[in-house]
Every structure is written in C-alpha cells, then in structure tokens.
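Asker: below are the sequence and a predicted model for it; my questions follow.
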Amino acid sequence: MLQTGHDVFTVSQLNQRAKQLLEITFNSVKVEGEISNLSRPSSGHWYFTLKDKGAQVRCAMFRSRTAQVKFQPKEGDQIVVRG
C-alpha cells in the first residue's frame, strides 16, 4: 500500500533535494574510479560509468569537453573526473 505524508517524495523531488545538498556541500568535486560501459555516439558526447569496488555513478561528458581531452579513454582506465 502506498504511504502518504511529508516523508514520501516523488522521484523529481528526491533528485532536486539531492542536487541541492550536493551543490551546497561541494562547489567542485573530483572523483576517482574505473571507466566502464563507455559509449561514444556520433554526437561527440561520451557516456560512461565510473566505478570502484563498492559503488558506481553514471557520467556524461559533452562534446565541448571531449575535444579537450588529450587521451583516448577505454574500458578499465582509472581516471579522475571533476564536476
């Protein structure tokens, strides 16, 4: 049964709260991890998962930034990203 009340969030509300907390806590953050699920569609954007032993996060790097990268990333590369 679906509960109602102030402690039930929509997906959009939860994402907005998480975004607000992250922006307040981190002006800019660097994250280290291993590249997996790398996709480089014809749009020029790169999509990948950054992972470690305990967690993963989906990432997107847009064409304006990918053009500045001085190496060709591949599955399994250990990298540091900033955002």
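Answerer: Arrived safely, thanks for sending.
Asker: C-alpha from now on. contacts and neighbour counts both.
Answerer: OK.
Asker: go through the protein and flag its longest strand.
Answerer: Across the chain, the longest stretch assigned as strand under DSSP state E is strand 30-39.
Asker: now for it, which elements pack on it?
Answerer: Strand 30-39 makes packing contacts with strand 46-51, strand 78-82 when contacts are defined by 3 or more Cα pairs under 8 Å, 6 or more residues apart in numbering; DSSP states H and E.
Asker: and among these, the most buried is which?
Answerer: strand 46-51 (a mean of 19; mean count of other Cα atoms under 10 Å).
Asker: the residue nearest the centre of the chain: helix or strand, and which one exactly?
Answerer: The residue lying closest to the centre of the chain (Cα atoms, centre = their mean) is C59, at 3.3 Å. Taking DSSP states H and E as the definition, C59 sits inside strand 56-61.
Asker: show residues contacting the following helix or strand past that strand.
Answerer: Counting by DSSP H and E, the element after strand 56-61 in chain order, helix or strand, is helix 63-66. For helix 63-66, contacts defined as Cα atoms under 8 Å, 6 or more residues apart in numbering pick out S43, G44, H45, W46.
Asker: done for today, thanks.
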